[in-house]
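[1] No sequence on hand, only this structure:
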């Protein structure tokens, strides 16, 4: 992963993908988010979902920062009562995906151009109106960002992205990381 730099040229750190396996209970997300906030750490992306075990949820957190502070946060997360396992996937071979829904202006003369982009990016048009298409696209962060940039000239009316979700490659699971 690349190092992110600020305007002054100081290194802010590396982008990290952390998965947190937690007990599926009310208030757990608030406690985890509170820990990041207390440390003054910004969360770039957060996705939470139930796992194959309905009593457990998986949080995938993407944040940027230096390794020392991230190590401290990981240790603090591990101490929370409802946290079962914390894993930093940053240096592990992983699969990652994101989903985006993009509502774009689609005036009649330009619909064909947009449909070609949708096909090239293996996206899907999931809603059509007289003046717009709503497109669903999945892939890695770079693919989603590239598709978004190519749609910008047509006029994006609305955009929502899920945030990154990730799994370690191979047979290893989050509980084993």
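    Okay, I see it. Just so you know, these numbers come straight off a predicted model, no measurement behind them.

[2] How is the protein divided into domains?
    For the chain, automatic domain parsing gives the domain ranges 3-92, 95-165.

[3] Name the residue most distant from the centre of the protein?
    Distance from the C-alpha centroid of the chain, by C-alpha atoms, centre = their mean, peaks at residue 109 (34.1 Å).

[4] can you pull the contacts of that residue?
    By C-beta atoms under 8 Å, 6 or more residues apart in numbering, no residues touch residue 109. Placement of C-beta: from N, CA and C, glycine included.

[5] Report the separation between it and residue 154.
    11 Å (C-beta to C-beta, to the nearest Å).

[6] Now do the strands for this protein: every range, in order, please.
    3-5, 11-23, 43-50, 56-65, 83-88, 94-105, 124-128, 132-139, 156-161, 165-168 (DSSP state E).

[7] Give the other helices and strands that the longest one contacts.
    Using 3 or more C-beta pairs under 8 Å, 6 or more residues apart in numbering; DSSP states H and E as the contact criterion, the secondary-structure elements in contact with strand 11-23 are strand 3-5, helix 28-38, strand 56-65, helix 67-79, strand 83-88.

[8] Adding mean neighbour count and mean pLDDT, write those out as TSV.
    Formatted as TSV, the helices and strands packed on strand 11-23 follow (neighbours: other C-beta atoms under 10 Å; pLDDT from 0 to 100):
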stretch	mean neighbour count	mean pLDDT
strand 3-5	12	40
helix 28-38	15	89
strand 56-65	21	91
helix 67-79	14	87
strand 83-88	19	92
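
[9] Among these, which comes closest to residue 169?
    Of all these, strand 83-88 sits nearest to residue 169, with 13.2 Å by C-beta to C-beta.

[10] Of the strands of the chain, give the one that comes closest to residue 37.
    So among these, strand 43-50 is nearest, using C-beta to C-beta, at 8.8 Å.

[11] That closest one: which residues count as buried?
    For strand 43-50, a neighbour-count test (16 or more other C-beta atoms under 10 Å) marks 44-48 as buried.
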